[in-house]
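Peer 1: Sequence plus predicted model, see below.
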2 protein chains.
Amino acid sequence: MGKYFAAVDIGATKTTVSVSSRSAILARVYQLTRKRGDRQTVPRQIDFLIGTACGQAQIDRGQIAAVGISTASPFEKSDGYLYLVAPNICGGLGEKREGIENDWTQVPLERELSGRYPVLQIANDCISAAVAERSFGAGRGEDNLLYVTWSTGIGGGAFVDGHLLTGKNDNALHLGHIVMNYHQMDEPVCGCGDQAHLEALVAGPAIAREYGEQPPEVFRRCRSGEPQAMATIQRIAAIMAIGLYNAVAVLDSRLVIVGGSVSKNWDLLEPLVADKFYSCFPALTREVVFKRSELDQYLGDMAGLSLVMPESWVADWQKRRPWQQAPDTTVLEPERA
Amino acid sequence: MGKYFAAVDIGATKTTVSVSSRSAILARVYQLTRKRGDRQTVPRQIDFLIGTACGQAQIDRGQIAAVGISTASPFEKSDGYLYLVAPNICGGLGEKREGIENDWTQVPLERELSGRYPVLQIANDCISAAVAERSFGAGRGEDNLLYVTWSTGIGGGAFVDGHLLTGKNDNALHLGHIVMNYHQMDEPVCGCGDQAHLEALVAGPAIAREYGEQPPEVFRRCRSGEPQAMATIQRIAAIMAIGLYNAVAVLDSRLVIVGGSVSKNWDLLEPLVADKFYSCFPALTREVVFKRSELDQYLGDMAGLSLVMPESWVADWQKRRPWQQAPDTTVLEPERA
């Protein structure tokens, strides 16, 4: 059996692969996610990147015991395999999007890769982040936790009673797509085409649209006391609070962990979110605790790795935190492959 | 070890207890739920009703192996025990309600009863209904199911990946209290005091408020083609569809089972619910199937019993369906106790 593990992070923009030994993250490579060619393009790129990372780490790729993939989603299942049907990777889904020069309606991720590695685990990036936070981050020891990413999109992952929720097609916790106003009129349109989804109301682009500047600038102005910026953030934090309340009303979570680029301003956001959240049905909200993600910047490695890491490694990794000493990323040119 | 099982159904209005043997439901008694006296009143009444049911069945109450309680909720946990904090039973919660002549802020259900029976399982009425439907009703064999009751209130219970969701305080799936309009202005007020909750928008009282007649009459008029009644039901079904979609976006369910008094008109409601539901994010909705509850009228016995029934009984009960031949209920006068 192999003694190394590969972690893959597939985003709409870039794909990162790292390989780890028992004691450390050995190498990490990244490349823009390829979206040209046939439907095997993405699996082929992952395979190439795993090989490249193994080369950098000077290990034999035959020694890879398992691959954990954390990816953009959603998925569909067919013939027992998980297929990627992410609209920001598959150009054949819905309206043609800028920069997506393919007509894929699905990416055969599991079918193409499952035969090549002894173990393959795939989860969407928020579900795998929930696993990582529970093993190594802000969620250690908590059986009822909700992880939420608050970034250019909104998504979640959750444990209930110690069980990781995946669902029939591994699409659980698509929190960004819950409808926040049943009237669905005069509300912003989501990337998926529907109106009044949480993501369309509170994610980074919503902040930019509402204020007219990118989120980092809006938060900078908040910090300098600019009333309009403060009002924007307050309004958006209150909507997010209701979205989180809705999830908690379904899951009865004890701990809500917030990650993602917008949540870097959690010091500003937390009191605003909390103010609205705890005003909702006290029987369901009063014992809920919020924490900022601890692994945020390390999720690229740790989300995928957490899906496959042997139980016997966990205590040592919790103690030594080797992800904090990972090597620099090698950026591969798009044409090098 | 005892060979009989007791099933308890605690509602805001009445409490029903039945006792079952390996082969049949032997006796069933019911009484108005007592809401006067000290905080031990409800546990004491349950104990009394179990004793009475055992007497009717001519069995020794010492032969009760386990008690399954399906109850109104929510709960809170304290010292490891589950307490009932249902506002329609505890008069000390929030505003004083009509007919609740007590000042209880909680009912010590588990603490009072757990020492008296070898096994005690407590779940809210919708979570226990989900268990019953999965064992004996419309959800047999389904690992990803959502049960929803559509009645004078709205509530749910769910299995995800074969795991029953309970949550930190056994309050999972409080679907009636999700916020359906984040503006929360000009929206109906829920029993819990908040605005725009699903329950306030679609439960029986919402239908009555919107149309000006009780739900059975509204549905009767629908069936006779009355346009205003039809418009009311259409509008309410579409809101329910969005509520169910929100739950499915969180849980990735395959099967949605609808029970409760309003759902008796499922033949009228299903096409209206489906029309809106499947218009939501296809990646999350297209494989979802709706079914009407199969156990609806039997949940008073089967919800509590399913929580404690030995695994070895299940196949036989599935085949013989003894709940359909249960004896008549003995109604106990309120003052008899």
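Peer 2: Noted; the coordinates are in hand.
Peer 1: Not counting sequence-adjacent ones, nearest residue to the residue in the stretch 51-200 of chain A that chain B sits nearest to?
Peer 2: Across the stretch 51-200 of chain A, no residue is closer to chain B than A:G167, which sits at 2.3 Å (C-beta to the nearest C-beta). Heads up, the C-betas are built off the backbone N, CA and C, glycines and all. Across the structure, with C-beta to C-beta, 6 or more residues apart in numbering or on different chains as the measure, the residue nearest A:G167 apart from its sequence neighbours is B:D252 (2.3 Å).
Peer 1: List the buried residues in the helix or strand A:W317 falls within.
Peer 2: Taking DSSP states H and E as the criterion, A:W317 maps to helix A:311-320. Buried residues in helix A:311-320, counted by 16 or more other C-beta atoms under 10 Å in any protein chain shown: A:313, A:317.
Peer 1: can you map out the strands along the stretch 151-300 of chain A?
Peer 2: A:154-160, A:163-164, A:255-259, A:289-292 (DSSP state E, counting those that start in this stretch).
Peer 1: And the stretch 1-150 of chain A, by the same measure?
Peer 2: Along the stretch 1-150 of chain A, the stretches classed as strands by DSSP E, counting those that start in this stretch are A:4-10, A:14-20, A:25-32, A:64-71, A:75-78, A:81-84, A:120-124, A:145-150.
Peer 1: could I get the ones you listed as a markdown table with distance to A:F281?
Peer 2: As requested, the strands of the stretch 1-150 of chain A are arranged in a markdown table below (distance: least, C-beta to C-beta, whole Å):
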| stretch | distance to A:F281 |
| --- | --- |
| strand A:4-10 | 37 |
| strand A:14-20 | 40 |
| strand A:25-32 | 43 |
| strand A:64-71 | 33 |
| strand A:75-78 | 32 |
| strand A:81-84 | 36 |
| strand A:120-124 | 29 |
| strand A:145-150 | 16 |
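Peer 1: How many neighbouring residues does the residue lying closest to A:C222 once chain neighbours are set aside have?
Peer 2: Distances taken as C-beta to C-beta, 6+ apart place A:A229 nearest to A:C222, at 4.6 Å, with adjacent residues excluded. Burial of A:A229 is recorded as 20 neighbouring residues (other C-beta atoms under 10 Å in any protein chain shown).
Peer 1: Repeat that for A:D275.
Peer 2: Other residues within reach of A:D275 by the criterion other C-beta under 10 Å amount to 13.
Peer 1: Then A:E217?
Peer 2: 14.
Peer 1: do you know how far it is from A:E311?
Peer 2: Using C-beta to C-beta, to the nearest Å, one gets 45 Å for the distance from A:E217 to A:E311.
Peer 1: and the longest helix along chain A with strand B:154-160, angle?
Peer 2: The residue-count maximum for a helix in chain A (DSSP state H) belongs to helix A:227-251. In terms of direction (axes from the mean of the first three to the mean of the last three C-alpha atoms, to 10 degrees), helix A:227-251 departs from strand B:154-160 by 70 degrees.
Peer 1: tell me the domain ranges of chain A?
Peer 2: For chain A, automatic domain parsing gives the domain ranges A:4-124+A:297-336, A:138-292.
Peer 1: and these, which one is worst for confidence?
Peer 2: When the domains of chain A are ranked by mean pLDDT, domain A:4-124+A:297-336 comes last with a mean of 94.
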